[in-house]
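In: below are the sequence and a predicted model for it; my questions follow.
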Amino acid sequence: MKNIKEDEKLNVLNHSCAHLLAQAVKHLYPNAKFWVGPVIEEGFYYDIDLGDEVVKEEDLAKIEKEMKKIAKDGKRIVREELTKEEALMKFHDDPYKIDLIERMEDGNVISCYTQGDFTDLCRGPHVESVKVLRHFKLLKVSGAYWKGDAKNKMLQRIYGVCFETEEQLQEHLAYLEEMKNRDHRKLSKDLKIYMTHDLVGQGLPLWLPNGAFLFHELEEYIREKEINLGYYHVYTPIMATSELYKISGHWDHYKDDMFPLMKREGEEFVLRPMNCPHHMLIYKNELHSYRDLPIRIGELAHDFRFEASGALCGLERVRTFCQNDAHLFVRPDQIESEFKRVVDLILEVYKDFNITEYSFRLSLRDPSDKEKYYQNDEMWEKAESTLRKVLDDLKIDYFEAVGEAAFYGPKLDVQIKTAIGHELSLSTCQLDFLLPEKFDLTYIDTDGSKKRPVVLHRAILGSIDRFIAYLIEVTKGSFPLWLAPVQVNIIPVNKEYHEAYATEVYKLLQKQNIRVEIDDRNEKLGYRMRESQTRKIPYTLILGDKEVEQKTVSYRLFGQENTQTLSTEEFIRLLQEEIQTKKRK
RNA sequence: GCCGAAAUAGCUCAAUUGGUAGAGCAACUGAUUUGUAAUCAGUAGGUUACGGGUUCAAGUCCUGUUUUCGGCACCA
């Protein structure tokens, strides 16, 4: 999709369109007051205070109509430059604009733009005339907190997009529609990946057999990779006493995001929101020599977080999920090499899954946020500069995000965008000097003295749940053979004559651990083929007279129309090769 | 959590201004015995998410709850 904000022409066009929107809203809602109307990647929006009035989705058509009317009139857009005092005078009855003006530096030129009966404070630039604004569409309305702060009043936000030609606009709208069809929630329903139920609760998905196969294969995949890299896997309880999180420091920072306390016989338990404290205790269970480090403790661990109800989304954001977690206990001199190994693993895994659209985010603390972040300037500077150095050494492109760090340290996150445009972290690698401190972790150094290890928290697939959600979207539900819930579907042409051979092939494949089904229903071949294709099963076998006679199989690949014929042995070899090469590199 | 919208058969959707809840697919039964994306006929399927109210009459209007959707805020 075109990034409208980055495109010079479209940026100006959409910004002007935001003004056109404001003007139309002003005509229809005379009491409207306007905050800001910026250009974003997807188009533009305007935040508006309508007092007691409400814009509903059905009102968008009405507003669009007014916008078209104004555009047709074709007023010129005129720039005017003011001093701060003049600007304050001009917008004296608009508290929102006064707020903006007052925060501008004295002496700077302040500009505003006028089109017909509407003037707005704005840096510009704009198109010459509203006449150019013809191919636009208002897309959605929503509430949005003033200045992005939940403590403030909620304004109304109207989103839209504008293009130079009608073709471009229609193409864009078609693209948005196409993306909706890629939404993992829709595909998951079609492909029977997971379900939810009111009686279980929101954000708590139930994995159906097809989803469970995916889940299991991914667990096996990453576990094997990690074992080859020297990780040890453990299982730890999904709960602990609240005391554990008081020691780790999580209690102070995150108890509101945890499921509430369970009290019994004077003890207090919580469902765990993360696994770090458990793994710290496993490290502490033994005395460690400098020779033993790094020690890598991994777990496919189920965690529970009380996410805000409005944040929940399919498998992408849930209240219980399975983390592909590990904690790497390293000596200070090993931070760089170990961090590099994690980045290498991330790159390797993404390659295995053909994930190409992602970016690295270096998440740093916001030094002014004294509440969220653990206070120790020296520690933070050391940690942040270490990560930066490794990334630079690896020549990895990344962007920095202030205020996105964990409370205990900076991190490298891998960001992806979902089909419907949500930006999410998939993988993460976090540097932590704090938890080793809190749990008084040590190793014995060369000189016999106790030293403090450093911890790297990392998750490669992130959460299995979210990873599957993303995988469904990038593959459109057509999974590579090794992941496909059903890998081969056998269709005997005639039940009476071909079922025996079909069963024979079925048993052969099953013996090779191929996930295979046989569709011997009394339905026409075309009917069964159609269903096989809509289920996106990679291989569909057609077995009839010819195949029985020659001891062969004829197969059709998902999404293709031609049929290939191979001997049964060759076919099995083909499957095995495809599974092996894609699965284990 | 906040602003807004929605919830009708397993799924996708209909149901004039309040006036007998329907269709396609799926399921089941029977016929058909099939060579690459939907064979034909029949049967069954509903406290219209859940609770309360208005009305002679509520899927439709009001109200509370739950869940879902679009954003915002959040995301250890």
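Out: Nice, thanks for sending it over.

In: can you tell me the residue of the stretch 351-500 of chain A closest to RNA strand B?
Out: A:Ala406 (3.8 Å; Cβ to the nearest atom of the strand). In this view, the C-beta of every residue, glycine as well, is placed from N, C-alpha and C.

In: A:Leu431 is in contact with that residue, correct?
Out: No - at 9.2 Å, A:Ala406 and A:Leu431 do not qualify as touching, with contact defined as Cβ atoms under 8 Å.

In: contacts only, for the closest residue to A:Ile468 other than its chain neighbours.
Out: Using Cβ to Cβ, 6 or more residues apart in numbering and skipping residues adjacent in sequence, the residue nearest A:Ile468 is A:Leu214, 5.4 Å away. Taking Cβ atoms under 8 Å, 6 or more residues apart in numbering, we find A:Leu214 in contact with A:Ile193, A:Ile468, A:Leu471, A:Phe479, A:Leu483, A:Pro485.

In: state the distance from A:Leu214 to A:Thr581.
Out: 19 Å (Cβ to Cβ, to the nearest Å).

In: now A:Asp198: phi and psi?
Out: A:Asp198 adopts backbone torsions of phi -50, psi -40, taken as degrees, to the nearest 10.

In: ok, back up a step: which one's more surrounded, A:Ala406 and A:Leu431?
Out: Taking other Cβ atoms under 10 Å, A:Ala406 and A:Leu431 do not tie; A:Leu431 has more neighbours (27 against 21).

In: the closest residue to A:Leu293 other than its chain neighbours: how many residues sit nearby?
Out: Closest residue to A:Leu293 apart from its sequence neighbours, by Cβ to Cβ, 6+ apart: A:Arg331 at 5.0 Å. Residues within reach of A:Arg331, counting by other Cβ under 10 Å, total 17.

In: cool, A:Arg515 as well?
Out: 17.

In: got a list of what the nearest residue to it once chain neighbours are set aside touches?
Out: Once flanking residues are discounted, A:Arg515 sits nearest to A:Gln487: 4.6 Å by Cβ to Cβ, 6+ apart. A:Gln487 sits next to A:Leu481, A:Ile514, A:Arg515, A:Val516, A:Ile537, A:Pro538, A:Tyr539, A:Leu575 when contact means Cβ under 8 Å, 6+ apart.

In: for A:Thr534, what are phi and psi?
Out: phi -70, psi -30.

In: burial count for the closest residue to it other than its chain neighbours?
Out: For A:Thr534, ignoring the flanking residues on the chain, the nearest one in space by Cβ to Cβ, 6+ apart is A:Asp190 at 7.7 Å. A:Asp190 has 12 neighbouring residues, counting by other Cβ under 10 Å.

In: give me phi/psi at A:Asp190?
Out: Main-chain dihedrals, A:Asp190, degrees, to the nearest 10: phi -60, psi -40.

In: ok, the one 4 residues further on next?
Out: Taking degrees, to the nearest 10, you get phi -150, psi 170 for the backbone angles of A:Tyr194.

In: and it, what's its pLDDT?
Out: A:Tyr194 carries a pLDDT value of 96.

In: which SSE is the residue nearest the centre of chain A in?
Out: Centroid-nearest residue in chain A: A:Leu424, 2.8 Å away (criterion: Cα atoms, centre = their mean). Element membership for A:Leu424, per DSSP states H and E: strand A:423-432.

In: and the closest residue to A:Lys56 other than its chain neighbours, how far from RNA strand B?
Out: Excluding the flanking residues, the one nearest A:Lys56 by Cβ to Cβ, 6+ apart is A:Val141, at 6.9 Å. From A:Val141 across to RNA strand B, the span is 6 Å (Cβ to the nearest atom of the strand, to the nearest Å).

In: nearest spatial neighbour of A:Glu242, chain-adjacent residues omitted?
Out: One thing to correct before we go on: residue A:242 is Ser, not Glu. Closest residue in space to A:Ser242, ignoring its immediate chain neighbours: A:Glu268 at 4.4 Å, by Cβ to Cβ, 6+ apart.

In: could I have the CA atoms of the helix or strand encompassing that neighbour written out in CSV?
Out: Assigned by DSSP H and E, A:Glu268 belongs to strand A:267-271. Only the C-alpha atoms of strand A:267-271 are listed here, as CSV (Å, rounded to 0.1, in the frame of the first residue of the first chain):
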residue,chain,number,x,y,z
GLU,A,267,-1.3,-17.4,50.9
GLU,A,268,-1.7,-15.1,47.9
PHE,A,269,-1.3,-16.4,44.4
VAL,A,270,-1.5,-14.8,40.9
LEU,A,271,-1.6,-16.2,37.4
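
In: could you say what helices and strands that strand packs with?
Out: Counting contacts by 3 or more Cβ pairs under 8 Å, 6 or more residues apart in numbering; DSSP states H and E, strand A:267-271 is packed against strand A:239-241, helix A:242-248, strand A:262-264.

In: now the second one: mean pLDDT?
Out: Averaging the model's pLDDT scores along helix A:242-248 yields 95.

In: give the buried residues for it.
Out: By neighbour count on 16 or more other Cβ atoms under 10 Å, the buried set for helix A:242-248 is A:Ser242, A:Leu244, A:Tyr245, A:Ile247, A:Ser248.

In: now check that helix, is it near RNA strand B?
Out: No - figure legend: helix A:242-248 not in contact with RNA strand B (Cβ under 7 Å from any atom of the strand); closest approach 8.2 Å.

In: now tell me what touches the helix or strand just after that helix from outside.
Out: For helix A:242-248, the following helix or strand on the C-terminal side (DSSP H and E) is helix A:250-254. Applying Cβ under 8 Å, 6+ apart, the set of residues contacting helix A:250-254 from outside is A:Ser242, A:Tyr245, A:Lys246, A:Pro273, A:Met274, A:Cys276, A:Pro277, A:Lys372, A:Phe407.

In: tell me the secondary structure for the fifth one?
Out: The three-state label for A:Met274, taken from DSSP: H, G, I helix; E, B strand; the rest coil, comes out as coil.
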